[in-house]
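In: sequence first, then the predicted structure:
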Amino acid sequence: MTASRSARERKAAAEAGHLAKLKIDVGRDKQFVYKISCSACVTRGTLNWSAYRPGDDNGFMASMDRWIFHLIEKHPEDDAPCLAFLPAAQQRLQERREKQEADPAGLSPTIEA
């Protein structure tokens, strides 16, 4: 059974820790859109730092990865539960970088069966 949006939001907020403000919206394409903002960091004027990822490419993982990297860079003293996933986040980042280096223009041929 698929968890409701509010249940997903509560679980993700608990994993993100006390500095995170987490919201899940539904985009135009009916996919979840994950938004994590930092209650401590202001970027432009009065806007808090945030990660915004649509759900088409597992937006939860992408936004949580960005949040984890933000925490270790800007709040190294924080001990959020999501930091347990740091090695996996680093691995995904490395894989994305290797893929971009192999195909910088995004022009890899499509394989059809």
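Out: Done, it's in. Residues are numbered from 1 along each chain as shown.
In: what about the helix or strand of the chain with the lowest mean pLDDT, distance to the chain center?
Out: Here the helix or strand of the chain ranked lowest by mean pLDDT, DSSP states H and E is strand 47-54, holding a mean of 83. Relative to its parent chain, strand 47-54 has a centroid offset of 9 Å by Cα atoms, centre = their mean, to the nearest Å.
In: what do you get for stretch 50-69?
Out: Using Cα atoms, centre = their mean, we find the averaged C-alpha position of stretch 50-69 to lie 2 Å away from the chain's own average C-alpha position.
In: what's the answer for stretch 86-94, then?
Out: The gap between the average C-alpha position of stretch 86-94 and the chain average comes to 12 Å, counting by Cα atoms, centre = their mean.
In: re earlier: who does the least confident helix or strand of the chain pair up with?
Out: For strand 47-54, the paired strands and their directions (DSSP bridges) are strand 32-44 (antiparallel).
In: quick one: contacts of the partner strand?
Out: For strand 32-44, the external contacting residues (Cβ atoms under 8 Å, 6 or more residues apart in numbering) are 5, 8, 12, 16, 19-27, 48-55, 59-60, 62-64, 66-67, 70, 74-75. Bear in mind the C-beta positions are built from the backbone N, C-alpha and C, glycine included.
In: buried ones among these?
Out: Buried members of the contacts of strand 32-44, scored by 16 or more other Cβ atoms under 10 Å, are 8, 12, 16, 19-20, 22, 24, 49-51, 53-55, 59-60, 62-64, 66-67, 70.
In: cool, thanks, talk later.
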